[in-house]
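Engineer: generate coordinates for the sequence data below:
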Amino acid sequence: MRFSLDPEIIDFAASIDSLLAKSDMPSVIRAWSAGDTGPGTTVWGRVAETGAAALLIDEDAGGAGATAVEAVVALEVMGRYAVPGPVTESVMVAPRIAAALNATAPDTAGELAGGAFASVAVPGVSPFAPDAHVAAHLWIADDDKVFTGEAGEARRSVDRARTVTTPTRGDQVGAASTVDLVNHGALGTAAQLMGLGRAMLDMSVDYATQRSQYGKVIGQYQALKHQLAEVAIALEMARPLLWAGALAVAENPDDPAAAVRDVSAARVAVADAAYLSARTALQIHGAIGYTLEHDLGLLLTKTRALQTAWGTQSYHRGRVLDSLESAR
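Structural biologist: Numbering: from 1, shown residues only. This next block holds a predicted model:
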């Protein structure tokens, strides 16, 4: 089967890419790391104006009524630029909660479509709510129930532009499939990691064609070419799994269990590929790549932080194994 994106989706991704390319994202991320979230929220507002925040919001609630495929496309671009904030939670997870709360809180979906940040924690899988200090909504999802959350002490992640907190559970406000929310969170995280992996690969290739050692451009060394080729192969081999996960979610809106295998397989493959890209990029750049002054460091730390967001690698491998065994 051949999978190809509609031209409209490609143009949509290009519009987000163009917006972020003009936004001086390294400066935005560094400001967020220093506690100034103003530039970041301004950028997020512009992203929301493209319709990215409203992709999974129903049309009758002011959204686009799109599928996980379009959301993955948008999130990969945002991952490429390491957009700060609870991006996956706002684009992928919160709309599913908003749909479940439509009867009791009908304005929530509209707020999300307009660019309001939301943060979500799922005890046992993703217990830390990211960037709750900028979130208009903070929820805890557990055992197919949704509760309000009250942020606890904020702690810095390995990514300096990311804080996490263990929220305190409040009142139950609705019911939503926890499996569905985890699927959406894991898929969105995989999309961000794919963008990060590609960005680090491109940065490594550019650096390898500029840096000279012993009178020779390092990109001419065969060993280094092999390393970069392995990263490119890993990312491209993971991409079909990412699309399979998006399609599984899109085609099984009322049966999230049917999408578990494909979503978790995508999450594992993309996270492994992104981590390989990060390791290779650091080897090629040397120690300077991990300094606060170099832009690569912003991507490295975000990749590391997202490795355990919405489930660890072991958790998702377990879900794949359980799915295969139950099918057999």
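Engineer: quick one, helices of the stretch 201-328 of the chain?
Structural biologist: 222-251, 260-285, 295-306, 313-327 (DSSP state H, counting those that start in this stretch).
Engineer: quick one: closest of the ones you listed to L193.
Structural biologist: For L193, the closest of the helices of the stretch 201-328 of the chain is helix 260-285, at 4.0 Å, according to CB to CB. In this view, the C-beta of every residue, glycine as well, is placed from N, C-alpha and C.
Engineer: and stretch 117-136, average pLDDT?
Structural biologist: Averaged over stretch 117-136, pLDDT sits at 97.
Engineer: neighbouring contacts of that stretch?
Structural biologist: Residues from elsewhere that reach stretch 117-136 (CB atoms under 8 Å, 6 or more residues apart in numbering): 37, 40-41, 44, 84-86, 89-90, 93-94, 97, 111-112, 116, 137-142, 149, 151, 154, 157, 162-167, 178, 181-182, 185, 309-311, 315.
Engineer: make a ChimeraX selection of the buried ones in those residues.
Structural biologist: For the buried members of those, the matching ChimeraX selection, counting by 16 or more other CB atoms under 10 Å, is:
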select :37,40,41,44,84,85,86,89,90,93,94,97,111,112,116,137,138,139,140,141,142,149,151,157,162,163,164,165,166,167,178,181,182,185,309,310,311,315
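Engineer: name the helix or strand of the chain that has the lowest mean pLDDT.
Structural biologist: One helix or strand of the chain scores below all others by mean pLDDT, DSSP states H and E: strand 212-213, with a mean of 66.
Engineer: the strands in the stretch 1-150 of the chain, which residues?
Structural biologist: 118-121, 129-130, 137-142, 145-150 (DSSP state E, counting those that start in this stretch).
Engineer: okay, now the sheet partners of the first one, with direction.
Structural biologist: Think strand 118-121. strand 137-142 (parallel) (DSSP bridges).
Engineer: and the strands of the stretch 1-150 of the chain: which comes nearest T189?
Structural biologist: The nearest among the strands of the stretch 1-150 of the chain, by CB to CB, is strand 129-130 at 10.6 Å.
Engineer: direction included, what does the closest one pair against?
Structural biologist: Assessed with DSSP bridges, strand 129-130 is paired to strand 163-165 (antiparallel).
Engineer: what's the average pLDDT for the helix or strand just after the partner strand?
Structural biologist: Next in sequence after strand 163-165, counting helices and strands by DSSP states H and E, comes strand 168-174. Mean pLDDT, strand 168-174: 95.
Engineer: quick one: end-to-end distance for stretch 79-98.
Structural biologist: Its first and final residues considered, stretch 79-98 spans 24 Å by CA to CA, to the nearest Å.
Engineer: then stretch 301-314?
Structural biologist: Using CA to CA, the two ends of stretch 301-314 sit 20 Å apart.
Engineer: let me see the contact set for L299.
Structural biologist: Contacts of L299 (CB under 8 Å, 6+ apart): 82, 196, 199-200, 203, 278, 281.
Engineer: in this protein, where is pLDDT below threshold?
Structural biologist: For the chain, residues meeting the criterion pLDDT under 70 lie at 1-3, 212-213, 215, 218-221.
Engineer: same thing but at 80, please
Structural biologist: Residues of the chain that meet the criterion pLDDT under 80 lie in 1-4, 103-104, 211-222, 327-328.
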